[in-house]
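Visitor: Generate coordinates for the sequence data below:
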Amino acid sequence: MKNLFYLITFTIVLIIAGGAAHASFLDSLTSALSKTNGAAALSALPEDQVVGGLKQALSKGVSNAIVSLGHNDGFLTNAAVKIPLPGKLASVESALKLAGEGQLADNFIASMNHAAEQAVPVAAGVFGDSISQMSIADAKSILASTNDAATQYFKKTTQTNLFAKFYPVVQKATDSVGVTAEYKAMMAKFSSVDTLGSLFGKSNPVKLDATDIDTYVTHKALDGLFKMVAAEEENIRANPLARTTDLLKTVFGSATK
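Guide: Modelled structure (predicted):
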C-alpha cells in the first residue's frame with residue numbers, strides 16, 4: 001500500500017502542476033486504479049512511466065525550492081535558512097549591539113544572504129542532471145522510502161558538483177554586494193570602540209579573510225538549499241494539492257487500508 005501511496009502522491013503533484021501535457025499519464029493511472037488495488041496498481045504501470053512521473057514530480061519540487069531562495073531576500077527573510085554570522089564572530093555581534101552599532105552586523109549578515117541568493121539558480125542544472133540520470137532502482141528506492149529519501153539521493157549525487165559551481169558564483173556575488181566591505185566596516189568599528197575592547201578584549205574573534213567568508217557562505221547556501229528541497233519532498237509525500245477528487249479519495253482510502 002505504501003508504494004501505491006507514494007507513487008500517487010508524486011504523480012498527482014505532477015499532473016495537477018503539469019496540466020494537459022500529463023493527461024495520458026493520468027488516464028493510465030486512473031485506469032489502473034479502477035481495475036486493480038494495492039501493489040497491483042503499481043505493477044500495472046510501465047516502469048518508464050513510474051520513473052518518468054517521479055522524475056518530473058521531483059523536478060517540480062526542486063524548482064520550487066530554487067525559486068523560493070534564488071531571489072532578493074529569498075534567504076534573508078526566511079528564518080529557516082537565513083545565514084547568520086559565523087560562530088567565531090558571535091562576540092562581535094553582541095558587542096556592536098551593546099554599543100548601539102548592531103546595524104553594522106546586520107548589514108554584513110544581509111550581504112552574505114544576498115550573495116547566497118545569487119548563487120542558488122546555478123543549482124538547477126546540477127539537479128537536472130541528477131534527475132535525468134536517476135535509474136529505475138533509484139526511483140523505486142525513493143518511492144518505497146519515507147521522509148527525505150529523495151533529498152539524500154540529491155545530496156549524494158550533487159553536493160560535490162554544487163559546491164564547485166556555487167563557490168565561484170559566491171565569490172563574484174560577495175564582491176558585487178559588498179560582503180567584504182561590510183565585514184571590514186563591522187570589524188573596524190568593533191576594534192575602534194574602547195568600551196568594546198574592554199568588554200571583549202580577552203575574547204576577540206579570529207578574523208576572517210575573503211576566502212573564509214566565501215567558503216562559509218557557500219556551505220550555508222547549500223545547507224539552505226537542501227533544507228528547502230527536503231521541505232518540498234515532505235510536502236510532496238504528505239500534502240497533495242487537494243483531496244477533493246474521486247481519484248485522491250481512492251488513493252488515500254487505499255493507503256489507509
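Visitor: you'd agree residue 141 is up against residue 149?
Guide: Yes. Between residue 141 and residue 149 there is a contact at 6.7 Å, judged by CB atoms under 8 Å. All C-beta atoms are positioned from the backbone trio N, CA, C, and that covers glycine.
Visitor: These two: who's more crowded?
Guide: More crowded of residue 141 and residue 149, by other CB atoms under 10 Å: residue 149, with 17 against 14.
Visitor: what residues are up against the more buried one?
Guide: 141-142, 233 (CB atoms under 8 Å, 6 or more residues apart in numbering).
Visitor: Next: residue 155.
Guide: residue 226.
Visitor: so which strand or helix has it?
Guide: Taking DSSP states H and E as the definition, one finds residue 155 inside helix 149-176.
Visitor: mind checking how far residue 64 is from residue 218?
Guide: 22 Å (CB to CB, to the nearest Å).
Visitor: Pick out whichever of those two has more residues nearby.
Guide: Of the pair residue 64 and residue 218, residue 218 is the one with more neighbours under other CB under 10 Å, namely 24 against 18.
Visitor: What is the one helix or strand that one maps to packed up against?
Guide: Using DSSP H and E, residue 218 sits within helix 210-238. For helix 210-238, the packing partners by 3 or more CB pairs under 8 Å, 6 or more residues apart in numbering; DSSP states H and E come out as helix 2-18, helix 47-69, helix 102-119, helix 149-176, helix 179-192.
Visitor: got these as CSV, with mean pLDDT columns?
Guide: Listed next are those as CSV, based on pLDDT from 0 to 100:
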stretch, mean pLDDT
helix 2-18, 39
helix 47-69, 80
helix 102-119, 95
helix 149-176, 93
helix 179-192, 89
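Visitor: Out of these, which is closest to residue 130?
Guide: helix 149-176 (4.4 Å; CB to CB).
Visitor: Compute the number of surrounding residues for residue 68.
Guide: 18.
Visitor: ok, now which ones touch it?
Guide: Counting by CB under 8 Å, 6+ apart, residue 68 has contacts 74, 78, 228.
Visitor: Of those, keep whichever come out buried.
Guide: For these, a neighbour count by 16 or more other CB atoms under 10 Å gives the buried set as 74, 228.
Visitor: Just give me the closest of the contacts of residue 68 to residue 111.
Guide: residue 74 (14.3 Å).
Visitor: correct me, but that closest one touches residue 120?
Guide: Yes. If you go by CB under 8 Å, residue 74 and residue 120 touch, sitting 7.1 Å apart.
Visitor: could I get the contacts of residue 149 as TSV with distance to residue 160 and pLDDT?
Guide: Converted to TSV, those look like this (distance: CB to CB, whole Å; pLDDT from 0 to 100):
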residue	distance to residue 160	pLDDT
141	21	82
142	20	79
233	21	80
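Visitor: wait, which of those is closest to residue 100?
Guide: Closest to residue 100, out of all of those and judged by CB to CB, is residue 233, at 43.7 Å.
Visitor: residue contacts, the closest one?
Guide: Here residue 233 is in contact with 58, 61, 148-151 (criterion: CB under 8 Å, 6+ apart).
Visitor: I'd like the contacts of residue 68 laid out as CSV, including pLDDT.
Guide: Shown next, in CSV, are the contacts of residue 68 (pLDDT from 0 to 100):
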residue, pLDDT
74, 97
78, 97
228, 95
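Visitor: Chain neighbours aside, what residue packs nearest to residue 227?
Guide: Spatial nearest neighbour of residue 227, chain neighbours left out: residue 81 (5.7 Å); criterion: CB to CB, 6 or more residues apart in numbering.
Visitor: How about the helix holding residue 218, which residues are buried there?
Guide: Neighbour-count burial for helix 210-238 [16+ other CB under 10 Å]: 213-214, 216-218, 220-222, 224-234, 236-237.
Visitor: Tell me the spacing between residue 133 and residue 175.
Guide: Taking CB to CB, one finds residue 133 at 34 Å from residue 175.
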